[in-house]
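> Let's see this in three dimensions:
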Amino acid sequence: MGRDLLHKNEERTSLNKDLPESEQNPDRRDGLAPVTVTGFHQDEDGHWVAELSCGHTQHLRHLPPWQSRAWVLDAAQRIEKIGQPFACGWCAQGSVSDNLGD
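The predicted structure follows:
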């Protein structure tokens, strides 16, 4: 008669998430090395972007009062950051397949 709304809906995926071709995460780390800054470039708007060892990038805007990153504007200070550890927000989210659940 009526449908039980508390009944779990079983969804089946079209791809096996264990297959490498279904993984969309560009993370190239070996799992042991910390993420470091490998270089910098400017985007089309002139904002500085850090290039990371994991393959991801991170904008480093200096727009006070929200973000005070004066070092981003100085070439010598940017160079000092190369090779330094960096907390990558994309890596912290985990791989795409980790977020899918069972």
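> which helix in this protein runs the most residues?
Secondary structure of the chain read by DSSP state H shows that its longest helix is helix 75-81.
> Could you pull out the buried residues of it?
78, 81 (16 or more other Cβ atoms under 10 Å). In this view, the C-beta of every residue, glycine as well, is placed from N, C-alpha and C.
> For that helix, give the mean pLDDT please.
Averaging pLDDT along helix 75-81 yields 95.
> Give me the mean pLDDT for the helix or strand just after that helix.
Sequence-wise, the next helix or strand downstream of helix 75-81 (DSSP states H and E) is helix 89-92. Averaged across helix 89-92, pLDDT comes to 86.
> Can you show me the CA trace of helix 89-92 as CSV?
Coordinates of each C-alpha in helix 89-92 appear next as CSV, following Å, rounded to 0.1, in the frame of the first residue of the first chain:
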residue,chain,number,x,y,z
GLY,A,89,43.2,22.4,1.4
TRP,A,90,42.4,20.1,-1.5
CYS,A,91,44.5,17.2,0.0
ALA,A,92,42.9,17.8,3.4
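> need the contact list for residue 42.
Listed by Cβ atoms under 8 Å, 6 or more residues apart in numbering, the contact set of residue 42 reads 48-49.
> For residue 39, give me its contacts.
50-51, 82.
> which of those count as buried?
If we count by 16+ other Cβ under 10 Å, the contacts of residue 39 have these buried: 50-51.
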